[in-house]
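# 3D, please:
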Amino acid sequence: MKRHLILKLLAVNLAVIGFVIIVVWLSIDTLAAGYFVTLMEKYHISPGPAHAMFVGAVHRYLLWACLAAVILAVVLSFVMMRRILAPLTRMTVVTREIAAGNFAERVPVGTQDEVGQLAQAFNRMASSLEKIENLRRTLMIDVAHELRTPLTNIRGYLEALTDGVLPPSASTFVLLQDETMRLVQLVEDVLQLARADAAHGSLNVEPIDLNAAIDTAIETFLPRFKRKSVVVKRHVPQGPVTVPADRARIARILRNLTDNAARYTPQNGTVDIRIELGAEQVRVDFSNDGNELIATDLPYLFERFFRGEKSRSRQHGGAGIGLAIVKELVEAHGGTVGAELTDGRVRIWFALPFDPH
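Below is the predicted model:
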C-alpha cells in the first residue's frame, strides 16, 4: 500500500514537472525565439544561425533542468513521503493485530498534522474497541457465573429426585420453581441491559412529568414497602416537573431505583425521594438506610453484576444489573448518575438536562 501510494504521489509530481516543461518549451519556441529574431534584425545581424544556436541551447539546458527536477522529485518523494506515510503503514500493521484480537496495539503519534490527527483518532478507536471487548468478556463471565448457581441447584434437586434420595414434595417443587424464576429474572435483566446499551440515539423524546412518574413507581412497589414497614417520603416541588425524555426509559430508571430502595432498605427503615431543580438540570435523589455498604463500594455501584452489601445476595434475587441499566439509560439522555454515603444512608441520584423556562 505504501509503495503504491508513493508512486501515485510521485506521478503527480512528475505530471506537474512535465506540464511546466512543456509550457516553458512552447513559450521559448513562440515568444523568446521571436523576441530574439526581432532583436537581431534591429541591429542588422543575420538571425538564422544565431537563432538556431539560441533555441538549441535553451532546449538543451531545459532538458537537463527537467532531468534534474525528475531526479530531485524522485529522491524527495521516497525520502519525505516515506517518512510522512510511516504512521499509515503502522496503522495497517495495528489493524491486522486488532483484527486478530490484540486490542492493546497503538499507533505512535509523532506529529500534529493531518496524519498525526488521523493516528490519534485511530488510537481512540482502538481504545474504544478494547474497552468494548473487555466489557463483552466481563459480561460473558459474569452471566455464566450468575447462571451457574441456579442451574447447579436445579441439577442437584433433579438428580436427587431421580435417584430417590429426595422424595417429591410441594416444598421441593417450590424450590425448583424459585430457582427457575431466578433464571428467568436474570435473562430478563440481561435483556434490559442490552436494550439500555442500544438506547443511545434511539430515544422517543417527549415532555415527561417527573412528579407523576415517581408517583407511579412508588405505587408499583408500595406493597413491598408496606410488608417491611418502610416509610417513603417525597420531597418534590409543587406542580409538574417537565423534562424532555423517553417516557418508557424514564419509567425503567425510576422502577429500578425504587426496586433497589425497596429491596435493600432494612425493616422499619425510611426512603427519601427528592427532586432538586437547577439552572440547567434536574436532579432526582433516592436515599435509604444502608446496611453493610461501605464508601469504597460507591464507585462500583453502577458496574454490572456488582454487589457491595452482603445483603445483595442471590437469595434476595438481585443480579447487580439494575443500577447498570439506570446508568446506561441516564447517559443516553445526556445525564449523569452518582452515589453517596452519608451517616449510614445511601443516596443514589441521577441528573437530566432541564430548562426551567
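# I'd assumed residue 338 was in a strand, is it?
Yes. Judged by DSSP: H, G, I helix; E, B strand; the rest coil, residue 338 forms part of a strand.
# wouldn't it be in contact with residue 349 here?
Yes. Contact criterion Cβ atoms under 8 Å: residue 338 and residue 349 qualify, at 5.5 Å. From N, CA and C alone the C-beta is placed, and that goes for glycine too.
# and residue 11, what does it touch?
For residue 11, no residue meets the contact criterion (Cβ atoms under 8 Å, 6 or more residues apart in numbering).
# so it is in which element?
Here residue 11 sits within helix 2-27, counting by DSSP states H and E.
# which residues of the stretch 201-350 of the chain fall in strands?
For the stretch 201-350 of the chain, the strands defined by DSSP state E, counting those that start in this stretch occupy 205-209, 231-235, 242-246, 270-277, 281-289, 336-342, 345-353.
# Note down every partner strand of the last one and its orientation.
According to DSSP bridges, strand 345-353 has the following sheet partners: strand 281-289 (antiparallel), strand 336-342 (antiparallel).
# hang on, the earlier thing: between the strands of the stretch 201-350 of the chain, which gets nearest to residue 110?
Residue 110 sits nearest to strand 336-342 of all the strands of the stretch 201-350 of the chain, at 36.2 Å, using Cβ to Cβ.
# check contacts around the closest residue to residue 153 other than its chain neighbours.
Spatial nearest neighbour of residue 153, excluding adjacent residues (Cβ to Cβ, 6 or more residues apart in numbering): residue 179 at 5.0 Å. Neighbouring residues of residue 179 by Cβ under 8 Å, 6+ apart: 150, 153-154, 157.
# again, only this time at 7 Å
Residues near residue 179 by Cβ atoms under 7 Å, 6 or more residues apart in numbering: 150, 153-154.
# next one: residue 150
With contact set as Cβ under 7 Å, 6+ apart, residue 150 has these partners: 179, 182-183.
# of these, closest to residue 324?
Lowest distance from residue 324 to those (Cβ to Cβ) belongs to residue 182, with 18.0 Å.
# any idea how far that closest one lies from residue 162?
According to Cβ to Cβ, to the nearest Å, residue 182 and residue 162 sit 22 Å apart.
# try residue 277
For residue 277, the distance to residue 162 - Cβ to Cβ - is 62 Å.
# quick one, which of those two is more surrounded?
Between residue 277 and residue 162, residue 277 has the larger neighbour count (other Cβ atoms under 10 Å), namely 13 against 9.
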